[in-house]
Every structure is written in C-alpha cells, then in structure tokens.
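# Just need the structure, nothing else, for what follows:
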Amino acid sequence: MTKPIIMTDAGCDLPGSFILENNIPFLGLICHFKGKDYEDDFGKSLSYEEFYNGLRNGEMPYTSQINEYRFTEKFKKLLEEKRPIIYIGMSSAVSGTFNSSKLAREAVINEFKDADITVIDSKDASIGLGLLVYFAYKMAKEGRSRDEIVKWLNENKLKVNHWFMVEDLKHLKRGGRISSSKAVIGTLLDVKPIIYISQDGSLKNMANVRGRRKGIKYLVDRFRERAISTENQVIGISHGDCLEDANLLKKIMEKEFHNNKFIINTLGLGMATHCGNGMLALCFLGNER
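Residues are numbered from 1 along each chain as shown. Predicted structure coming up:
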C-alpha cells in the first residue's frame, strides 16, 4: 500500500516545526504588509514578532488567496512521488482558496490521467483545520489507506468545534463581521465577541462577554458541554500573540480535564490579518459542530 501525501495550507496554524519535521507540503496565502508581499509560511519569510508589532502599531495588512496556478504547480511536483495526494484546505466559506484547489485538481487530472488527488473542504480554518491535518498525517503514518483517511475526514470534519474570542474589533469591522457602531461601543465597554465556525464553515458571532477572563471561561464551558470526551483528546489552542492567555487556558483545562494532548501555536499571517492580535481559540472534537 502506497502511503498518501497529506498536504494543506499554512492557514492550518500548526507549529511550523511539526510541518517541517514531518515534511508536510503546504502553500500559504499571500500577505500584503508594509508595501511588500509575503507568503504565509509559518513565520519564515516574515517573523511573527515583526508582524504582530506592526498590527499593534496600526498596520492593516490584507491577504490574497492561493490561486489555481500555484496549486497546479504544487500538485504536479508532488505527483513525481507517485503517491496519492490528499489536500485538506481552509473553509470555502471564508476563502476562495479551496475553489482554486478544485480547479487545479481538475486541470492536473485532465493532463495526467493516473493522477490521484483528493481535495477536502475542511469547513474550518486555523487550528481547527490543523487538527484535521494532524489526525490525517497520523493515520497515514500508521499505514492507513487513502480511502480510509478520506472517509474519516469526511465523517469527522463537522465534529470539529472551533470557538474563539477576538480582542481587537477593528479587524472584524474591516472584514464586515460587525458594524462600525458595534466596534466603537464594544471597545469602550471591553466587550469580547465569541465567534463560532458553523456547519457551513462560516463565522457566527455567538456571544459577547465583558473582559478576557470571562471570555476564557466561556471557551472552557463550551468544551465541557460539547466535547465528545473531556479526556484523551487532542485539543488545539491558537492565539494572536498572547501566549500567556493560551497557557492560562491550557492550565485551567488541565486542572479540570485530564489526559489530554494540547497543540498550542501562534495564529499565522493569513488568519491574524482578519482576527488581529489578542485572538484566542479553542478547538476540539465534539459529537457534532
């Protein structure tokens, strides 16, 4: 049995060390920052420190989706290994990137009839997408087939619960997620929107809480009530350059829930452009999304 290639995009927000050590191929959104273009490549081309300092100083970066040409070239390169390719990408509801992967797959298969390429719309992003990549890679390493991995992904992707708290409302306002008046009032009242990634992969404002401590408690409560199991889980925590809060969230959860593995990582350029610094996310498997 030929081991499948698990491919993703940098929007998965897994630790760069995990991606590099396990040779997981990826593409990244292009981030336009301070007049230059950078690929989101886990902080290699543009350090997280410089990027987040820029956000705090008023920089307003924007991103461009991964286009069909880049996917086509990447797929062709990977085909040289003569292995099945499984690309797991960010939600089609938040980016046109997944559609680019579909178009590229069709073009490559038309040119190379024996190409074996599967593209999976995760209906998620950031560390929620990262959890799916993590599980898929683990299955491939254990010798599971392409069909087994694809079946698992399709059956479980909508069980990934993804909740996050946003600190800086101006990025949500710029992205059209909240009105200008809500952004101003929310900032004055120290309101933290709690966002949930829904069944269709879009973002929903589920609640508004006063202060970060209450926001962290809200995230823990969602895990308690929705997790498929509160033990022996792989739990994802991503953060917008607020590692102290991420570690606090982990500490609180470790005190109440046991035998869980945590993956903690900084929000990458693509996701941070839209969520801003101070974002804190919690992802886990539930019975349903």
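
# What helix or strand is A93 located in?
Per DSSP states H and E, A93 falls between elements, in no helix or strand.

# roughly how far apart are it and F42?
From A93 across to F42, the span is 24 Å (CB to CB, to the nearest Å). The C-beta positions use only the backbone N, C-alpha and C, and glycine is treated the same way.

# quick one: contacts for M271?
For M271, the contact set (CB atoms under 8 Å, 6 or more residues apart in numbering) comprises 11, 13, 125-126, 238, 279.

# which stretches of this structure have low pLDDT?
Across the chain, residues meeting the criterion (pLDDT under 70) sit at 1, 168-190.

# most centrally placed residue in it?
Nearest to the mean C-alpha position of the chain, by CA atoms, centre = their mean, lies S126 at 1.2 Å.

# Could you pull up the contacting residues of it?
Counting by CB under 8 Å, 6+ apart, the residues that S126 touches are 11-13, 162, 164, 238, 267-268, 271, 281, 283.

# again with I264
236-239, 243, 246-247, 250.

# Name the member of these with the most neighbours.
When neighbours are counted as other CB atoms under 10 Å, the busiest of those turns out to be S238, with 29 neighbours.

# give me the element V209 is part of.
Assigned by DSSP H and E, V209 belongs to strand 203-210.

# which parts of that strand are buried?
Judged by neighbour count (16 or more other CB atoms under 10 Å), strand 203-210 contains these buried residues: 203, 207, 209.

# re earlier: ok, now how distant is the residue nearest to the centre of the chain from M206?
S126 sits at a distance of 16 Å from M206 (criterion: CB to CB).

# same deal with G268?
23 Å.

# Can you spell out the domain ranges of the chain, please?
What the record gives for the chain is the domain set 5-156, 159-285, from automatic domain parsing.

# What is the distance between the last one and the centre of its chain?
In other words, domain 159-285. With CA atoms, centre = their mean, to the nearest Å as the basis, the distance from the averaged C-alpha position of domain 159-285 to the chain average is 12 Å.

# K159: what's it in contact with?
The neighbours of K159, taking CB under 8 Å, 6+ apart as the test, are 228, 285-289.

# check contacts around the closest residue in space to E39 that isn't next to it in sequence.
Of all residues beyond its chain neighbours, the one nearest E39 is G28 (4.4 Å), with distances taken as CB to CB, 6 or more residues apart in numbering. Contact partners of G28, counting by CB under 8 Å, 6+ apart, are 9-11, 39-42, 66, 268-270.

# measure the residue lying closest to L249 once chain neighbours are set aside to P15 for me?
Leaving aside its chain neighbours, L249 sits nearest to I216 (5.4 Å; criterion: CB to CB, 6+ apart). Summarising the geometry, the distance separating I216 from P15, computed by CB to CB, is 22 Å.

# neighbour-wise, which of those two wins?
Neighbour tally, I216 and P15, criterion other CB under 10 Å: the higher count belongs to I216, 21 against 14.

# before we move on, the earlier item: could you dump the contacts of S126 into JSON lines and include distance to K113 and secondary structure?
Rendered in JSON lines, the data for the contacts of S126 read as follows (distance: CB to CB, whole Å; DSSP: H, G, I helix; E, B strand; the rest coil):
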{"residue": "G11", "distance to K113": "31", "secondary structure": "helix"}
{"residue": "C12", "distance to K113": "30", "secondary structure": "helix"}
{"residue": "D13", "distance to K113": "35", "secondary structure": "coil"}
{"residue": "H162", "distance to K113": "38", "secondary structure": "strand"}
{"residue": "F164", "distance to K113": "43", "secondary structure": "strand"}
{"residue": "S238", "distance to K113": "40", "secondary structure": "strand"}
{"residue": "L267", "distance to K113": "40", "secondary structure": "coil"}
{"residue": "G268", "distance to K113": "36", "secondary structure": "coil"}
{"residue": "M271", "distance to K113": "37", "secondary structure": "helix"}
{"residue": "A281", "distance to K113": "41", "secondary structure": "strand"}
{"residue": "C283", "distance to K113": "38", "secondary structure": "strand"}
